[in-house]
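Trainee: Sharing a model that was predicted from the sequence below.
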Amino acid sequence: MRIATLLLLASTVAALSADLIGQASILDGDTLEIHGTRIRLWGIDAPESSQLCRGQDSLQYRCGAKAANDLDAFIDGRPVDCMPITTDRYGRSVAACSVAGIDLGEWQVRNGLALDWPQYSKRKYGAAQRDAERAARGMWAGSYVEPWLYRACLRQGGTPSDCSDDANAHP
């Protein structure tokens, strides 16, 4: 048991000390995978894959799927460079990632596809979020439930439809 713990600790330290660079598979709007390593984008929170938002036309759309699809289209097969910062409670590497020098977290927030998560980012992406809100881009064009509140609703037994409901939505 002691050896297993030491090996796990050594692999965690090694993962945090080395940048991850390569072709990324997009798992959702704030999670990707490079060389089999699952990476959570630092400082942002994107809607969950099952999450619904309302567009400017008041119709519901899968904003979580849109965040993932738009991120995938932006990366467009280019190499992603991630600098690990920490690991999360699920064992994922939490990292600041970029493509061609463009911070993916900031890109997601600026395009209204994710929110600045001040609890972790200390408002690093606040200006990008204000820009998206003023321009009514992405989620800001209609209404949405903050992803962290959506997940809390699901944990309490709500359905994706209930948890995306207008009663909980940010106008």
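Mentor: That came in fine, so what should we check first? Residues are numbered from 1 along each chain as shown.

Trainee: Which secondary structure state does Gly64 sit in?
Mentor: Following DSSP: H, G, I helix; E, B strand; the rest coil, Gly64 is assigned to helix.

Trainee: my guess is it meets Gln51, correct?
Mentor: Yes - with contact defined as C-beta atoms under 8 Å, Gly64 reaches Gln51; the gap is 4.1 Å. All C-beta spots, glycine's among them, are computed from the backbone N, C-alpha and C.

Trainee: which neighbours do the two share?
Mentor: Pro147 (C-beta atoms under 8 Å, 6 or more residues apart in numbering).

Trainee: mind checking how far Ser143 is from Ala169?
Mentor: For Ser143, the distance to Ala169 equals 4 Å [C-beta to C-beta, to the nearest Å].

Trainee: so what sits against both of these two?
Mentor: Common contacts of Ser143 and Ala169, defined by C-beta under 8 Å, 6+ apart, comprise 53-54.

Trainee: Quick check: bridge partners of Thr37?
Mentor: Here Thr37 shows beta-bridge partners Ile34, assigned using DSSP bridges.

Trainee: Show me where the protein has its strands.
Mentor: For the chain, the strands defined by DSSP state E occupy 20-22, 24-28, 31-34, 37-41, 44-45, 53-54, 60-61, 80-87, 93-99, 102-103, 115-116.

Trainee: mind putting the ones you listed in a markdown table, mean pLDDT included?
Mentor: Below are these laid out as a markdown table (pLDDT from 0 to 100):
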| stretch | mean pLDDT |
| --- | --- |
| strand 20-22 | 95 |
| strand 24-28 | 97 |
| strand 31-34 | 97 |
| strand 37-41 | 97 |
| strand 44-45 | 98 |
| strand 53-54 | 95 |
| strand 60-61 | 94 |
| strand 80-87 | 97 |
| strand 93-99 | 98 |
| strand 102-103 | 98 |
| strand 115-116 | 98 |
